[in-house]
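> Model the structure of this input:
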Amino acid sequence: EECCFSGSTLVEDDRVIAMYHGTGAGAGTMVAVADDPLLLTWEKVTGEAVIKRYHGAPYNVFDPCIWKKGNKYYGILAGRKPTKISGAPRRTHDLFESENLADWKYLGEFVEGDDFSAVGDDGACPYFWPLGNKHLLMWFSHRRSSMYFIGDYDQDRDRFIPRHYGRFSFGPVGPGNIHAPSGCPDPQCKGEVIAIFNVNPGYHTPGWNQVMSLPRRLRLLDGDWLGQTPIETVVSLRGEHKRIGLTKLPANQEVVLEGIAGNAVEIAAEIDPKGANRVELNVLRSPDAEEVTRIAFYVNRGYRGKAPSTLVVDTTDTSLADDIHTRAPDIAPMPFGHDETLKLQVFIDKSVIDVFANGKHALTLRVSPRREDSVGVSLRSKGRDAQLNCLD
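Predicted structure coming up:
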């Protein structure tokens, strides 16, 4: 075994069980156990792969996720298989069962009735946890980035039936987009999950260049929509506080906020679009706006079977540098009611921007402004006047 790829852990009484993908000549699914307080000493079960890769196997041997039900352990292994008709590859998660962590029995495909994933997807980095009165399966497609199923876990047949599908990000995996998800149940809030993501680099650097997103709290909203908010402990990072009160946003005019600036900053803004068809919060703005990152919201109130409103993070003008790998804007659909205002919570941490909107969606991207004065903030309303209710 050369190194450790993705996997997950299970806390069981006074020990922690790690199930992960080992690489190299002994490639396969590994299980290791630790019971010391700092989890520094691990013992590998059987000393080798407990689920081995072999030619002709009816399953893939890749990123695993482990859980326990009754007195048995269960694990799903990620991968993809050819579809029956065209032979094109598609996401799969294969289910295994064990009583002792050493011997694993193959039970078949875990996800039943997947009408959502696309040809070319794979099911890497799976995390399977309860979410409200449903279950959440997060996974990663090397073709389309991080996504999820919300559905029902049939514990009698040990099958998962997805009822709703969503994406954590939109557009290509790289450059500058989130990569693999990780997740665990929140012990303080039953039925909720804390998730965190790798974030890919936005330009080439020697060696390794990935960082982590802010942790997100995931909860089930009405209509099986996945609610996403930053974890509450981010308030411990706050420093100097500034506030702007009620401010008119005249149509088609950029309003630059005086005294509000930074590239390590949290911005909480509430905007009433009124009759505007688009409102923008622009950050990391140079004084001449040659470098700027745009957070835009395209308004379609009262979504009823038509195109929903959309949250957009546009990094195409973030930097003037010629070594930046540009990407198209990320566009996330979001329901928006007649009586709603837009509530944005934006975290800028030098080269990363996390955007949360109305507790319903979140987008994370890498940003790479090179000018030292690219720290300004502005607002714009398109079409008609809008109103900034407040900004902190």
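> Please list all residues in contact with the closest residue to residue 191 other than its chain neighbours.
Setting aside the residues directly before and after it, residue 191 is nearest to residue 132 in space (Cβ to Cβ, 6 or more residues apart in numbering), at 4.7 Å. For glycine as for every other residue, the C-beta is placed from the backbone atoms N, C-alpha and C. Counting by Cβ atoms under 8 Å, 6 or more residues apart in numbering, residue 132 touches 191-192, 219-220.
> and stretch 317-336, which residues are buried?
317-319, 324, 327, 329-330, 332-336 (16 or more other Cβ atoms under 10 Å).
> got the CA coordinates for the one helix or strand residue 381 maps to in CSV?
Assigned by DSSP states H and E, residue 381 falls within strand 376-382. Extracted C-alpha coordinates of strand 376-382, given in CSV (Å, rounded to 0.1, in the frame of the first residue of the first chain):
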residue,chain,number,x,y,z
GLY,A,376,-13.6,47.3,-2.4
VAL,A,377,-17.3,46.5,-2.2
SER,A,378,-20.2,47.9,-4.3
LEU,A,379,-23.8,47.2,-5.1
ARG,A,380,-25.9,47.5,-8.3
SER,A,381,-29.5,47.2,-9.2
LYS,A,382,-30.5,46.4,-12.8
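> From the contact counts, what lies against it?
Other helices and strands packing on strand 376-382, by 3 or more Cβ pairs under 8 Å, 6 or more residues apart in numbering; DSSP states H and E, are strand 247-249, strand 254-261, strand 278-285.
> Point out the most buried one among these.
strand 278-285 (a mean of 24; mean count of other Cβ atoms under 10 Å).
> who's in contact with that one?
Under Cβ under 8 Å, 6+ apart, the answer for strand 278-285 is 249, 254, 256, 263, 267, 269, 271, 273, 289, 291-299, 318, 342, 344, 346, 348, 353, 367, 369, 374-383, 386.
> Quick one: end-to-end length of stretch 13-33, please.
12 Å (Cα to Cα, to the nearest Å).
> tell me which residues of it are tucked away?
Neighbour count says stretch 13-33 has 16-22, 27-33 buried, by 16+ other Cβ under 10 Å.
> now stretch 150-165
In stretch 150-165, counting by 16+ other Cβ under 10 Å, buried: 150-151, 153, 159-160, 162, 164.
> So for that stretch, mean pLDDT?
Mean per-residue pLDDT for stretch 150-165: 96.
> again with stretch 138-147
On average, stretch 138-147 scores 92.
> Could you tell me the end-to-end distance of it?
6 Å.
> coming back round to it: and of the buried residues of stretch 13-33, the nearest to residue 105?
Residue 105 lies nearest to residue 29 out of the buried residues of stretch 13-33, by Cβ to Cβ, at 13.1 Å.
> what's the residue closest to the geometric middle of the protein?
Nearest to the mean C-alpha position of the chain, by Cα atoms, centre = their mean, lies residue 168 at 4.3 Å.
> Now do the same contact list for it.
Counting by Cβ under 8 Å, 6+ apart, residue 168 has contacts 138, 145-148, 178, 181, 195, 197, 362.
> how much space between it and residue 313?
13 Å (Cβ to Cβ, to the nearest Å).
> likewise residue 192?
Residue 192 is 25 Å from residue 313, by Cβ to Cβ.
> beta partners for the closest residue to residue 52 other than its chain neighbours?
Spatial nearest neighbour of residue 52, chain neighbours left out: residue 28 (4.4 Å); criterion: Cβ to Cβ, 6+ apart. Beta-bridge partners recorded for residue 28 (DSSP bridges): residue 22, residue 52.
> I'd say residue 28 and residue 44 touch.
No: distance between residue 28 and residue 44: 11.6 Å, which falls outside the contact criterion (Cβ atoms under 8 Å).
> Where does pLDDT dip in the chain?
302-307 (pLDDT under 70).
> Show me the strands in the stretch 151-300 of the chain, by range?
159-167, 178-185, 193-199, 211-212, 216-220, 226-230, 247-249, 254-261, 264-272, 278-285, 293-298 (DSSP state E, counting those that start in this stretch).
> mind giving me CSV with those strands and columns for distance to residue 112?
CSV is the format used below for the strands of the stretch 151-300 of the chain (distance: least, Cβ to Cβ, whole Å):
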stretch, distance to residue 112
strand 159-167, 5
strand 178-185, 21
strand 193-199, 22
strand 211-212, 33
strand 216-220, 20
strand 226-230, 21
strand 247-249, 49
strand 254-261, 51
strand 264-272, 42
strand 278-285, 41
strand 293-298, 36
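> Out of those, which is closest to residue 241?
With Cβ to Cβ as the yardstick, what comes closest out of those is strand 264-272 (9.8 Å).
> Output the contacting helices and strands for the closest one.
strand 278-285, strand 342-349, strand 386-391.
> Who are the packing partners of the second one?
When you say that, I think you mean strand 342-349. strand 226-230, strand 264-272, strand 278-285, strand 293-298, strand 352-357.
> Buried residues, the fourth one. List them.
Neighbour counts using 16+ other Cβ under 10 Å place 293-298 of strand 293-298 among the buried residues.
> just to revisit the earlier point, which stretch among the helices and strands packed on strand 376-382 comes nearest residue 92?
Short answer: strand 278-285, nearest of these by Cβ to Cβ, at 40.2 Å.
> Please work out the angle formed by the directions of the closest one and strand 386-391.
50 degrees (axes from the mean of the first three to the mean of the last three Cα atoms, to 10 degrees).
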